[in-house]
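Visitor: what's the 3D shape of this:
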Amino acid sequence: MSYPILRPTQRYESFASKCALAVMAKAPRPGRVKTRLSPPLTLEQSAALNVCFLRDTTQNIANIAMAGNSLGVISYTPVGEEFLFDGLLPAGFSLIPQRGDGFGERLLTSAQDLLACGFESACLIDSDSPTVPGSAFRIAVEELQKPGDRIVLGGSEDGGYYLIGLKLPHPEPFTDIHWSTSTVYEETVSTIHKASIELIELPRWYDVDDGETLALLRDELLEGAQLPFAKTAGYSAPYSREFLRSLFGAGK
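Guide: Below you'll find the predicted structure:
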């Protein structure tokens, strides 16, 4: 199954009043994705786990989209490798190419392009957090549907964030941020406050991007471990669970 590619120059009437739940993703090619997980994994295993993350995150989003107020999208890079997503996503998903150079620019242009397509709001979601509770996505959509301008932000344990949602393409949250550092969330919150934009903060979660956080994911999915920072259970992430079981054993 292939998926339609959205064009920002075209406004889609069916997107009106809906929130785009857009996963920021690289095409899943070995050696290009999740390379910090090798070691302990091989590059092929890292890429396979990345595919599981995509499948789990997009299925989680598809469950939320069943309410009818949101749609799933993949904001992807690089252009020309769209075919690598074929058959990986639930029905109803679309693709939209990323543009820009730095990470902040790609985030901002993704928000701009999704809103230009006719979405009422857009959430940009990382592809490294397969167990984010579905309730976090649901809260983000509901908050962005309320009257008035606001930004929704879901922080990660490493100091970044797993989701940012907007109704307007504000540049402030993506400008002068020290990306890939432990201060990203703090800096983003500061810029939002300085711009006098209402901020809604979602429950904290975590990214899986190295051996330590891979172990955390394994303990969560295979051993049923309680996350020390979580007030609710995470998404079951069945694809990631089965892949980790094949690597590390049966678990629970």
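
Visitor: so where do the helices sit in the stretch 51-200 of the chain?
Guide: 103-116, 134-145, 184-194 (DSSP state H, counting those that start in this stretch).

Visitor: Now these in TSV, please, with extra columns for mean pLDDT.
Guide: As requested, those are exported to TSV (pLDDT from 0 to 100):
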stretch	mean pLDDT
helix 103-116	98
helix 134-145	98
helix 184-194	98
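
Visitor: closest to residue 57 out of those?
Guide: helix 134-145 (9.5 Å; Cβ to Cβ). C-beta coordinates here come from the backbone N, C-alpha and C atoms, glycine included.

Visitor: now for the closest one, which elements pack on it?
Guide: strand 19-26, helix 43-65, strand 121-125, strand 151-156, strand 161-166, strand 199-205 (3 or more Cβ pairs under 8 Å, 6 or more residues apart in numbering; DSSP states H and E).

Visitor: Most tightly packed of the ones you listed?
Guide: When you average the neighbours per residue for each of those (mean count of other Cβ atoms under 10 Å), strand 121-125 leads with a mean of 27.

Visitor: How far away from the center of its chain is that one?
Guide: 8 Å (Cα atoms, centre = their mean, to the nearest Å).

Visitor: which other residues reach that strand?
Guide: For strand 121-125, the external contacting residues (Cβ atoms under 8 Å, 6 or more residues apart in numbering) are 19-24, 57, 61, 75, 107, 110-111, 114-115, 132, 137, 140-141, 144-145, 152, 162-167.

Visitor: Now do the contacts for residue 153.
Guide: 161, 163-165, 185, 188-189, 192, 199-202.

Visitor: ok, now residue 90?
Guide: So residue 90 contacts 58-59, 61-62, 72 (Cβ under 8 Å, 6+ apart).

Visitor: Next: residue 195.
Guide: Residue 195 neighbours (Cβ under 8 Å, 6+ apart): 170, 172.

Visitor: Quick check: it vs residue 105, distance?
Guide: Between residue 195 and residue 105 the computed distance is 18 Å (Cβ to Cβ, to the nearest Å).

Visitor: can you list the contacts of residue 153 in a markdown table and add distance to residue 99?
Guide: Listed next are those as a markdown table, based on distance: Cβ to Cβ, whole Å:
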| residue | distance to residue 99 |
| --- | --- |
| 161 | 21 |
| 163 | 21 |
| 164 | 18 |
| 165 | 20 |
| 185 | 25 |
| 188 | 21 |
| 189 | 26 |
| 192 | 24 |
| 199 | 27 |
| 200 | 27 |
| 201 | 29 |
| 202 | 27 |
